[in-house]
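>>> Prediction below, plus the sequence it came from.
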Amino acid sequence: VSTQSTGVVMPLPSQFPLRKLCFAPSFAQRSFRPPLRPLTLNGQYVQTKHQVLFSGRRFSDDSQSKNSNNANDTTNKHNPNTSQGNRFKWLKFLVGFAGGALTGVFLFIEIQSFQNQDTGIYETSPVPGLFDSYYSRTVKEPVVERPPLTSSVETDVCVVGGGLSGLATAIGLAERGKKVVVLEGQRVGWGASGLNGGFAISGFQIEEEIIDLVGPQLARELFLMTVEAQKLLRKRIEENHIKCDVEDVGALTVSYYKNDEDEVRKEVEEVNQILQTSFEVWPKEKIQQLYKTPFYQHGVFDPTAFTVHPLNLVLGMARVAESKGVKIYEKTKATSLSKITTSASNSDSSSSSTSWKVNTSDQKAHVVSKDVVLAGAAQLDTSVDSVVAGAVVPVYTYIIVTEPLGDKLNEVIKAKHAVCDDRFALNYFRPLPDGRLLWGGLAQIYPVAAPDVAEVMKNDLLKVFPQLEGVKVETAWGGAVAFGAELMPLIGKRDEGLWYCTGFGGHGVVPTTLGGELISSAIVDGDQRWKLFSDNFHPQWVGGVFGKTAAQLTYWSYILCDEYNILKQKLFG
């Protein structure tokens, strides 16, 4: 992607909230990409010969400005009453009417899903207050029921959110000598941090695109920061004996498309050189030896990735945080923030200091601290901070786990790697240590009814591996992950003493550790590396319910593109 490409600039009324939902490299999506694949670049919708780019920052290019001016001149000369203008009047009306009707439907779905979102989640869970999942049924770390906050407390830093990003921040701060309070609205492990696929991968949700967005030097610096975060996460797991079933199996992205392997290999080599990665291209022959499905072609393998039991990981992180003096309060929902400015003066000078009051749903309970870190992901209320909460769109994704499959699993899947495919509507899976198969996917902007999840996901599994017909699904669950407008983590500073660390959807186990380290080192040591994120990937409003509607429609269009491309490949090779 070149910022010098000549194109037509079409400003969007708001940042589009969703691009693609894949947490691994997308090198394989070359010759069968949809013709208008959105990527991110500076604030406007830019149509070039090859693709469509959009972002929330300003885009400036002399040639595009000239084209834009010429377009304006043409528009001024155009008579809206001409036959050409009338020709499309009814088409525009119908498109607008259909868009309004769909928005109304999604608004209704939004209200209904909000009213019923907790129905049926907890009844059968072995851990009260958490989702019934394979993870809650196989938990090894101590499950501690922590009391809510019932009074006012003062501390150095208040962290809003008890997931992986909040706990990583709290641990980093405690290790640097700060007093920390964590407010968790539900229970530790309730959200995406305790429900995800358990892929601990370096890098970000976007791989090759980030080079185009920020340039090779900054892309390399950002990527290497995640490599260090991956090492730090592993160190914390090992030193604190967190029982989260670490398996060094690597991560594999398999392609549905018959692309030129030499071209893919060349691209991977370029990325390896720029990012100092060690990705490997595996040929079709090797892939089909390991995975008995006709759909998978070649693949790209990351040997540094490992897998974890995410609920055990987040519970272990909470245990580590508390061992370092962090106070964690569950069932304590932050409802608003108040800025407190205190002035002090003497004969020589005057100064002022800033602190923050975090109010909760209990009117008697609040936290006063010099610094606040917003790490609530998709659960952060707009009443706390409308900019940060409005900068992420919650995307629901779903997972099933089968019964133990024994030899049947080994006949179909002959490797233990963490796997995802390269479609826009992707699946991801991994064999579990006890012989079960974890299968995930079905990303939706609006939640699927709980009784339907197991059947829908099993049908998805059988499309790829029909040999598993008849296997029993033992557990099925879903949850919301938070995506920012540019599919990059949102790490930065909103105001003096007010920080944010969110937007890790689709690729969060490792980058949450990075976010926690950047924020904690910034607060204590004045480390400025957080600006590498905030200056390039700042919070942008994703459109609220209208953004969700647009994202869902786009996701459906991606599914159609997937099906079209696969059918085209089947018919014409």
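Good, I have the coordinates.

>>> mind listing the helices for the stretch 51-200 of the chain?
Secondary structure of the stretch 51-200 of the chain by DSSP state H, counting those that start in this stretch: the helices cover 62-77, 83-87, 89-116, 134-137, 164-175.

>>> Also the stretch 401-550 of the chain?
Under DSSP H, counting those that start in this stretch, the stretch 401-550 of the chain gives helices at 407-412, 450-464, 511-525, 531-534, 544-572.

>>> closest one to Cys244 among the ones you listed?
Nearest to Cys244 among these is helix 511-525 (13.3 Å), distances taken as CB to CB. Where you see a C-beta, it was placed from the backbone N, CA and C, and this is true even at glycine.

>>> Show me the shaky parts of the stretch 101-250 of the chain.
Flagging of the stretch 101-250 of the chain using pLDDT under 70 yields the residue ranges 101-124, 207.

>>> where do the strands sit along it?
Remark: strands assigned in the stretch 101-250 of the chain by DSSP state E, counting those that start in this stretch are 152-160, 180-183, 199-200.

>>> Tell me the strands beside the second one, with direction?
Spelled out, it's strand 180-183. Strand 180-183 has the following sheet partners, assigned by DSSP bridges: strand 152-160 (parallel), strand 327-329 (parallel).

>>> Is it possible to get JSON lines of these that adds distance to Ala174?
Formatted as JSON lines, the strands paired with strand 180-183 follow (distance: least, CB to CB, whole Å):
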{"stretch": "strand 152-160", "distance to Ala174": "9"}
{"stretch": "strand 327-329", "distance to Ala174": "10"}
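
>>> Quick check: which of these is buried the most?
strand 152-160 (a mean of 22; mean count of other CB atoms under 10 Å).

>>> How about residues contacting that one?
Strand 152-160 is contacted from outside by 166, 169-170, 173, 178-183, 327, 334, 356, 358, 364-376, 380, 384, 523, using CB atoms under 8 Å, 6 or more residues apart in numbering.

>>> Quick check: the gap between Asn272 and Phe223.
11 Å (CB to CB, to the nearest Å).

>>> which stretches of the stretch 251-400 of the chain form helices?
For the stretch 251-400 of the chain, the helices defined by DSSP H, counting those that start in this stretch occupy 261-275, 284-290, 310-323, 386-389.

>>> tell me the mean pLDDT over the third one?
I take that to be helix 310-323. What helix 310-323 shows for mean pLDDT is 98.

>>> just to revisit the earlier point, Pro142 is nearest to which of the strands of the stretch 101-250 of the chain?
Among those, the nearest to Pro142 by CB to CB is strand 180-183 (16.9 Å).

>>> Let me see the contact set for the most centrally placed residue in the chain.
Nearest to the geometric centre of the chain sits Gly505, at 1.3 Å (CA atoms, centre = their mean). Shown in contact with Gly505 (CB under 8 Å, 6+ apart): 192, 205, 377-378, 392, 395, 481-484, 487.

>>> Now render the helices of the stretch 401-550 of the chain as a markdown table, adding mean neighbour count, distance to Val160 and mean pLDDT.
What follows is the helices of the stretch 401-550 of the chain, written out as a markdown table (neighbours: other CB atoms under 10 Å; distance: least, CB to CB, whole Å; pLDDT from 0 to 100):
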| stretch | mean neighbour count | distance to Val160 | mean pLDDT |
| --- | --- | --- | --- |
| helix 407-412 | 15 | 41 | 93 |
| helix 450-464 | 16 | 28 | 88 |
| helix 511-525 | 25 | 12 | 97 |
| helix 531-534 | 17 | 18 | 94 |
| helix 544-572 | 16 | 20 | 76 |
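
>>> Need those helices in CSV (columns: distance to Pro128).
What follows is the helices of the stretch 401-550 of the chain, written out as CSV (distance: least, CB to CB, whole Å):
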stretch, distance to Pro128
helix 407-412, 32
helix 450-464, 18
helix 511-525, 25
helix 531-534, 37
helix 544-572, 31
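
>>> looking at those helices, which is closest to Leu130?
helix 450-464 (14.8 Å).

>>> What is that closest one packed up against?
Helices and strands touching helix 450-464, by 3 or more CB pairs under 8 Å, 6 or more residues apart in numbering; DSSP states H and E, are strand 392-402, strand 437-444, strand 473-484.

>>> picking up where we left off before, neighbour count for Asn272 and Phe223, which is higher?
Using other CB atoms under 10 Å, the more surrounded residue of Asn272 and Phe223 is Phe223, with 20 against 13.

>>> residue contacts, the residue lying closest to the more buried one once chain neighbours are set aside?
Closest residue in space to Phe223, ignoring its immediate chain neighbours: Leu275 at 4.5 Å, by CB to CB, 6 or more residues apart in numbering. Shown in contact with Leu275 (CB under 8 Å, 6+ apart): 203, 207, 211, 219-220, 223-224.

>>> With Thr354 instead?
Listed by CB under 8 Å, 6+ apart, the contact set of Thr354 reads 339-342, 370, 496-497.

>>> Quick check on those: which are buried?
Those of these that meet the buried threshold are 370, 497, by 16 or more other CB atoms under 10 Å.

>>> and the least confident of the contacts of Thr354?
Least confident of these in the model: Thr342, at 83.

>>> With adjacent residues omitted, what lies nearest to Tyr258?
For residue 258 the amino acid is Lys, not Tyr. Gln297 (5.6 Å).

>>> ok, that neighbour to Glu285 distance?
To Glu285, Gln297 is 10 Å away according to CB to CB.

>>> Looking at those two, which has the bigger crowd around it?
Per other CB under 10 Å, whichever of Gln297 and Glu285 has more neighbours is Gln297, with 22 against 8.

>>> and of the contacts of Thr354, the nearest to Ser534?
Ranked by distance to Ser534 (CB to CB), the contacts of Thr354 are led by Glu496 at 14.3 Å.

>>> For Gly478, see how far away the closest one is.
Between Glu496 and Gly478 the distance is 38 Å, computed by CB to CB.

>>> and Lys416, what is it in contact with?
Contacts of Lys416 by CB under 8 Å, 6+ apart are 247, 249, 430-431.

>>> What pLDDT is listed against it?
As predicted, Lys416 sits at a pLDDT of 95.

>>> Need phi/psi at it.
Main-chain dihedrals, Lys416, degrees, to the nearest 10: phi -100, psi 10.

>>> any idea how far it lies from Asn427?
In terms of CB to CB, Lys416 sits 17 Å off from Asn427.

>>> Same question for Gln467.
Applying CB to CB to Gln467 and Asn427 gives a distance of 16 Å.

>>> Same check on Ser343?
In terms of CB to CB, Ser343 sits 58 Å off from Asn427.
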